[in-house]
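Student: heads up, no residue letters with this:
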């Protein structure tokens, strides 16, 4: 593929627009679901943590077979189907609210099904990009898609906060449903279709295909370091996030608009990270940036734990913006590293295996966050989460990535 700017490519523009709408819906639901629990159902700290667990446990339930299944199908079709299915699942929540049927268990069920569908969508999405843009354009493609995701991270909470205050958290979920449905419609317009690689006896090979993906990932020391670092980071981040909304709403006294403003600030950091990710990776090196990003940007998030009502909470939000900036820079470098190394036939399985190992602790993070919040309080849990996120730099620092400036296919 030539090195022409990707936004001149019609299919990439359609993927770009679909990403914008889908991520806008996702960012709205990210704020709205916990607020449904906190404000509408008056859930306690443990129930909020359990909701986070239900949202993310899909990785453990279907994480490994998802990669093998996705490798058997056209990724574009998986993306369209899961987008439309997620839209329908989310639609049940406001309908249940209006029918006076909504309970915490309904909320858990929506979160679980939505999370399982998201596993399939994310595996297909990551695996489809190398086919659509070519491996030589992966850094640019990941950076541009991260940029639009970051914009929606700003606009999503900024839009969701006032909507929650105006029409309530359950009704706000309707906007997420619409966004994901439109994302599926736009993805349907992408003309590029990858070939499915068939093999004899394919239906009986699921276990062997899963093992093949596992072997590829676990035998590569750089991928092992990334996955272990991600596992520590994601577990700690979810602990932090599970109590962040509780802390802001109950201890700081922020309403939905103020919470949306804080989360929009995180989106601003993510946008800056997406805009500079390629340059930073070129300047520092694609390997070193993966471990330097959390080491530099995670510690300031502890400031939120000592914030008080007023200006100090917004000063603390600057640390959250820095966390998002570093997170996007790291993810862009990691995604490009993973997509460059994996052969075409293993893209889905490598993506799913990395996600399974890296995200496998996230459900535990939700439970830990809820439990620690119940025992020690939300503020203490924020500090514990900060320590864990900072320590996530250790595995990648101890791997060959410490000095690997560029990635070459093996």
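Tutor: Yes, it's here. It should be emphasised that the depicted structure is a prediction, and the values quoted were computed from it without experimental measurement. Residues are numbered from 1 along each chain as shown.
Student: my read: residue 304 touches residue 318, true?
Tutor: No. Between residue 304 and residue 318 there is no contact under C-beta atoms under 8 Å: 9.9 Å. Bear in mind the C-beta positions are built from the backbone N, C-alpha and C, glycine included.
Student: next, give phi and psi for the residue most central in space within the chain.
Tutor: Centroid-nearest residue in the chain, with C-alpha atoms, centre = their mean: residue 122, separated by 8.7 Å. Dihedral angles of residue 122 (phi, psi; degrees, to the nearest 10) stand at phi -60, psi -40.
Student: and the pLDDT for the closest residue to it other than its chain neighbours?
Tutor: Spatial nearest neighbour of residue 122, chain neighbours left out: residue 355 (6.7 Å); criterion: C-beta to C-beta, 6 or more residues apart in numbering. Per-residue confidence (pLDDT) for residue 355: 72.
Student: returning to that earlier point: the more surrounded of residue 304 and residue 318?
Tutor: Comparing residue 304 with residue 318 by neighbour count (other C-beta atoms under 10 Å), the higher total belongs to residue 304, at 28 against 15.
Student: give me the nearest residue to the more buried one, chain neighbours excluded.
Tutor: Leaving aside its sequence neighbours, residue 304 sits nearest to residue 316 (C-beta to C-beta, 6+ apart; 4.2 Å).
Student: quick one: neighbours of the one you found, just the number.
Tutor: Around residue 316 there are 22 residues (other C-beta under 10 Å).
Student: got it, and the one 3 residues further on?
Tutor: The criterion is other C-beta under 10 Å. On that basis, residue 319 has 21 neighbouring residues.
Student: residue ranges in the stretch 201-350 of the chain under the pLDDT threshold?
Tutor: 201-204, 206 (pLDDT under 70).
Student: continuing past the secondary structure element (helix or strand) that residue 48 belongs to, what's the next helix or strand?
Tutor: Following DSSP states H and E, one finds residue 48 within helix 45-56. Later in the chain than helix 45-56, the nearest helix or strand by DSSP H and E is helix 58-71.
Student: same for that following helix, what does it pack against?
Tutor: Contact analysis of helix 58-71 by 3 or more C-beta pairs under 8 Å, 6 or more residues apart in numbering; DSSP states H and E lists helix 104-133, helix 206-218, helix 347-359, helix 362-376 as its packing neighbours.
Student: need the three-state assignment for residue 43.
Tutor: Here residue 43 is recorded as coil under DSSP: H, G, I helix; E, B strand; the rest coil.
Student: surely it meets residue 37?
Tutor: Yes. Between residue 43 and residue 37 there is a contact at 3.9 Å, judged by C-beta under 8 Å.
Student: who's more crowded, those two?
Tutor: The neighbour count for residue 43 versus residue 37, taken as other C-beta under 10 Å, is higher for residue 37 (24 against 20).
Student: next, count neighbours for the residue lying closest to residue 56 once chain neighbours are set aside.
Tutor: Of all residues not flanking residue 56 in the chain, residue 362 sits nearest, at 4.0 Å (C-beta to C-beta, 6+ apart). Residue 362 sits with 23 neighbouring residues when counted by other C-beta under 10 Å.
Student: and the one 5 residues further on, by the same measure?
Tutor: When neighbours are defined as other C-beta under 10 Å, residue 367 has 18 of them.
Student: I'd say it and residue 56 touch.
Tutor: No. Counting by C-beta under 8 Å, residue 367 stays clear of residue 56, with 10.5 Å between them.
Student: so which residues of the stretch 151-300 of the chain form helices?
Tutor: 169-188, 206-218, 221-246, 256-284, 288-297 (DSSP state H, counting those that start in this stretch).
Student: related to what we said a few turns ago, might one say that the residue nearest to the centre of the chain is in contact with residue 358?
Tutor: No. Using C-beta under 8 Å, residue 122 is not in contact with residue 358; the gap is 11.5 Å.
Student: from residue 220, how far out is the residue nearest to residue 56?
Tutor: From residue 362 across to residue 220, the span is 23 Å (C-beta to C-beta, to the nearest Å).
Student: which of the helices or strands spans residue 382?
Tutor: If you go by DSSP H and E, residue 382 is part of helix 378-391.
Student: next structured bit after that helix?
Tutor: Next element after helix 378-391 (DSSP H and E): helix 393-397.
Student: now do the buried residues in that following helix.
Tutor: By neighbour count on 16 or more other C-beta atoms under 10 Å, the buried set for helix 393-397 is 393, 394, 395, 396, 397.
Student: what's near enough to touch the nearest residue to the last one once chain neighbours are set aside?
Tutor: Counting by C-beta to C-beta, 6+ apart, residue 397 lies nearest to residue 291, which is 4.4 Å off, once chain neighbours are set aside. Remark: with contacts taken as C-beta atoms under 8 Å, 6 or more residues apart in numbering, residue 291 is in contact with 229, 393, 394, 396, 397, 401, 402.
Student: look up how far residue 91 lies from the fifth one.
Tutor: Taking C-beta to C-beta as the measure, residue 397 falls 45 Å from residue 91.
Student: ok, and what's touching stretch 304-315?
Tutor: Counting by C-beta under 8 Å, 6+ apart, 244, 247-248, 252-254, 261-262, 265, 303, 316-317, 319-320, 379-380, 382-383, 386 sit against stretch 304-315.
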